[in-house]
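Participant: sequence first, predicted coordinates after that:
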Amino acid sequence: MRHILNAALLATLGTGVMADMIVKDASGSVAEVMDRLEAAVTNAGATVFARVDHGAGAAGVDMELADAQLLIFGNPMLGTPVMQQDIRAGLVLPLHVLVYDADGTTQISYEDIDTMFGDLDVDLEAEVFGRIEGALGNLTTAAAGG
């Protein structure tokens, strides 16, 4: 079931119709872009918790899926103040960014701040949210290459 949902998500992201997602075109393969993202995250002092290769997972059960990898990462200096406002932010954190092949174009995608935290009891105007938004923007721009 998870693979079907992932495929549906990727198909939807490829159309660019999800207004609550930030989508950036990137140069290079999914693996190359993910390597750059992982390096940028590490160089920024954040912790990489996992790198999930959805395509390899699908291949492991003899199913096809576009090349797609998810990076899960965070920094307690940013995440802790958010979770202090609403512990349910732990459902959103750590942060996650998807790099995938959308019909031959490598793309980077992540949820915008309002979507990630909008249903929680948090102050989206607090400085920490601007820092998270800036970090996501900077890290994904570095990963996109050029």
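Facilitator: Sure thing, it's come through. Numbers count the residues shown, from 1 in each chain.

Participant: every contact and neighbour count from this point should use C-alpha atoms.
Facilitator: Fine.

Participant: contacts for the host helix or strand of T141, please.
Facilitator: Using DSSP states H and E, T141 maps to helix 127-144. Outside helix 127-144, the residues within contact range by CA atoms under 8 Å, 6 or more residues apart in numbering are 24-27, 33-37, 40-41, 78, 81-82, 107-108, 112-113.

Participant: among these, which ones are buried?
Facilitator: By neighbour count, with 16 or more other CA atoms under 10 Å, the contacts of helix 127-144 hold 24-26, 33-34, 36-37, 40-41, 78, 81-82, 107-108, 112-113 as buried.

Participant: where exactly do the strands run in the chain?
Facilitator: With strands called from DSSP state E, the chain shows them at 21-26, 47-53, 68-74, 95-102, 105-111.

Participant: which residues does the residue positioned nearest the centre of the chain bridge with?
Facilitator: Centre of the chain computed as the mean C-alpha position; nearest residue by CA atoms, centre = their mean is V97, 1.2 Å away. Residues in a beta bridge with V97, per DSSP bridges, are L71.

Participant: and it, how far from G118?
Facilitator: Distance from V97 to G118, counting by CA to CA, to the nearest Å: 18 Å.

Participant: so where's this protein uncertain?
Facilitator: Scanning the chain for pLDDT under 70 picks out 1-19, 146.

Participant: the same query, at a cut-off of 50, please.
Facilitator: The chain contains residues with pLDDT under 50 at 1-17.
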